[in-house]
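S.K.: Here is a sequence together with a model predicted from it:
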Amino acid sequence: MSDIPVVRSVPPALSLLFCLLLFSACTRAQPSLASADVVDVLSRPVDSRFARAFEPLDFQFPRDHGPHNEYATEWWYYTGNLTGEDGGKYGFQLTFFRSALAPGDPNRPSDFAAQQLYMAHFAVTSAPAGRHVSFDRFSRGAGGVAGATGSPRYEVWLDDWRAQEIVPGQMRLQAAAEDDSGPISIDLALAETRPPLLHGEAGFSRKGPEPGNANHYYSLVRMETAGEIVFAGRRIPVTGLSWMDHEFGTSALSGDAAGWDWFAVTLDNDVVLMFAEIRTLSGISQEIFEGTLSFPDGRQVSIHPDDFTLTPTGQWTSPESGTVYPSGWRVAFPEHRIELTIEPLIDDQEMDVAFTYYEGATIVRGMMKGEPVAGRGYVELTGYGESGFQR
């Protein structure tokens, strides 16, 4: 178990199902991380021992913030847009992935018996420094080193990286690592301000047309955030808003899907958007994934792929991987009279961890019903390399 730092200068989610299943497949004597192909792995038959999502779940919170070990995969995905006491803009990502070798809990009386594998990603973006750093860790879910609980309180952790419930509706995030520039860490308190967004059909999120090829998926949005980050050894008090995605299921890649562009947007009029395009090898976006538009009065509207148009406005080439990513977008939701431009906080927010992908903070501007709006968000881009997530 180790931290793997990535530091670069300027020349960055569904979240990381590709990473999670590749990590799982690797542990089962499937192709290694160096050779696994994302489409091949996700197209394999799903283990019939695991539970499948066939209909909406009657969520019970905070219990369902915790693990669901009867399903093959699960992730807890935190991102945030922060402003420092220095006036600078910052972003962070802290994500925990669970991948099961077998459903349920081990039946062996040992603290080291494990049927769950955990992986975590941690990243911080500093606009003042023009830099993005990323780290990852791996562990078996045994011996107290990594795991998750939902009762008596919610907590998920890998070593000293953790997200935990302090009191109902309030969480604390902690992660620390180090690179050549010095310590990198977050210590943040998050407070819920809205009921969970239940994506798809009351949290039943289809991944393909096949029965059971779906996940349970919800988000906690506009979580008021305060605390501090340490970047290159400098301590910075910060405030802002965070976003949590929690998704679990036993699903597989459908059709000729090659990757996705996923967006979370929080506007200054309290409107929140989550939407994505699943790209295919044929060049036609899949029509199955549903996003969500949330209004301040609590209304939630499903966003289907034909409800919006997404147009890249530029591109950026990674000096490390050579991958060419879109960089900057225009998105329009005609029925809701929303037109937005989305730009990365800094160009280089590529996650060079066990798998190379792009995950980064964004700046948002535009119009909604004739009124100017602004905001911040996050974008995740997968499948843009020559071999998807190959390294």
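M.R.: Structure's in. What do you need?
S.K.: make it CA atoms for all contacts and neighbour counts henceforth
M.R.: Will do.
S.K.: Flag every buried residue along the lengthiest strand in the chain.
M.R.: The residue-count maximum for a strand in the chain (DSSP state E) belongs to strand 214-231. Buried residues in strand 214-231, defined by neighbour count with 16 or more other C-alpha atoms under 10 Å: 214-231.
S.K.: what's the answer for stretch 125-141, then?
M.R.: So stretch 125-141, judged by 16+ other C-alpha under 10 Å, has buried residues 125-127, 130-141.
S.K.: what does stretch 88-96 give?
M.R.: Applying 16+ other C-alpha under 10 Å to stretch 88-96 flags 89-96 as buried.
S.K.: what bits of the stretch 251-391 of the chain have low per-residue confidence?
M.R.: 252-255, 283-287, 386-391 (pLDDT under 70).
S.K.: Any idea how many residues pack against the residue lying closest to residue 51 once chain neighbours are set aside?
M.R.: Nearest residue to residue 51 in three dimensions, chain neighbours excluded: residue 71, at 5.1 Å (C-alpha to C-alpha, 6 or more residues apart in numbering). For residue 71, the count of nearby residues is 23 (other C-alpha atoms under 10 Å).
S.K.: Residue 71: what's it in contact with?
M.R.: 50-52, 100, 103, 248-250 (C-alpha atoms under 8 Å, 6 or more residues apart in numbering).
S.K.: Among those residues, which ones are in helices?
M.R.: Among these, DSSP state H puts none in helices.
S.K.: Which of the residues you listed scores worst on pLDDT?
M.R.: Lowest pLDDT within these is found at residue 103 (74).
S.K.: For that residue, give me its contacts.
M.R.: Residue 103 touches 49-51, 69-72, 115, counting by C-alpha under 8 Å, 6+ apart.
S.K.: again, but for residue 275
M.R.: Residue 275 sits in contact with 262-264, 290-292, 303, where contact means C-alpha under 8 Å, 6+ apart.
S.K.: Now do the strands in the stretch 151-300 of the chain.
M.R.: Here the stretch 151-300 of the chain has its strands, by DSSP state E, counting those that start in this stretch, at 155-158, 161-167, 170-179, 182-191, 197-198, 204-206, 214-231, 234-249, 257-267, 272-280, 291-294, 300-303.
S.K.: Could I get the ones you listed in a markdown table, plus columns for distance to residue 375?
M.R.: Converted to a markdown table, the strands of the stretch 151-300 of the chain look like this (distance: least, C-alpha to C-alpha, whole Å):
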| stretch | distance to residue 375 |
| --- | --- |
| strand 155-158 | 29 |
| strand 161-167 | 25 |
| strand 170-179 | 23 |
| strand 182-191 | 19 |
| strand 197-198 | 19 |
| strand 204-206 | 26 |
| strand 214-231 | 11 |
| strand 234-249 | 11 |
| strand 257-267 | 4 |
| strand 272-280 | 10 |
| strand 291-294 | 14 |
| strand 300-303 | 19 |
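S.K.: Select, out of those strands, the one closest to residue 313.
M.R.: strand 257-267 (14.0 Å; C-alpha to C-alpha).
S.K.: For that closest one, name the packing helices and strands.
M.R.: strand 272-280, strand 371-381 (3 or more C-alpha pairs under 8 Å, 6 or more residues apart in numbering; DSSP states H and E).
S.K.: could I get the ones you listed as TSV with distance to residue 206?
M.R.: Formatted as TSV, those follow (distance: least, C-alpha to C-alpha, whole Å):
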stretch	distance to residue 206
strand 272-280	12
strand 371-381	19
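S.K.: closest to residue 297 out of these?
M.R.: Of all the helices and strands packed on strand 257-267, strand 272-280 comes closest under C-alpha to C-alpha, at 11.5 Å.
S.K.: Pull out the buried positions in that closest one.
M.R.: 272-280.
S.K.: coming back round to it: closest one of the contacts of residue 275 to residue 325?
M.R.: residue 262 (13.1 Å).
S.K.: quick one: which of the buried residues of stretch 125-141 sit in strands?
M.R.: Counting by DSSP E, the buried residues of stretch 125-141 contribute 125-126, 131-140 to strands.
S.K.: Which single one of the residues you listed is nearest to residue 352?
M.R.: So of these, ranked by how close each gets to residue 352 (C-alpha to C-alpha), first place is residue 134, at 6.9 Å.
S.K.: I'd assumed residue 120 was in contact with that closest one.
M.R.: No. At 10.7 Å, residue 134 does not count as touching residue 120 under the criterion of C-alpha atoms under 8 Å.
S.K.: Give the rounded mean pLDDT of stretch 189-203.
M.R.: Mean predicted lDDT for stretch 189-203 stands at 94.
S.K.: That stretch: which residues count as buried?
M.R.: So, applying 16+ other C-alpha under 10 Å, buried residues of stretch 189-203: 189-192, 196-200, 202-203.
S.K.: From these, pick the one nearest residue 61.
M.R.: residue 196 (9.3 Å).
S.K.: which residues touch the closest one?
M.R.: So, once contact is read as C-alpha under 8 Å, 6+ apart, residue 196 ends up touching 218-221.
S.K.: how about these in a markdown table, adding distance to residue 153 and pLDDT?
M.R.: Converted to a markdown table, the contacts of residue 196 look like this (distance: C-alpha to C-alpha, whole Å; pLDDT from 0 to 100):
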| residue | distance to residue 153 | pLDDT |
| --- | --- | --- |
| 218 | 19 | 97 |
| 219 | 18 | 97 |
| 220 | 17 | 97 |
| 221 | 20 | 97 |
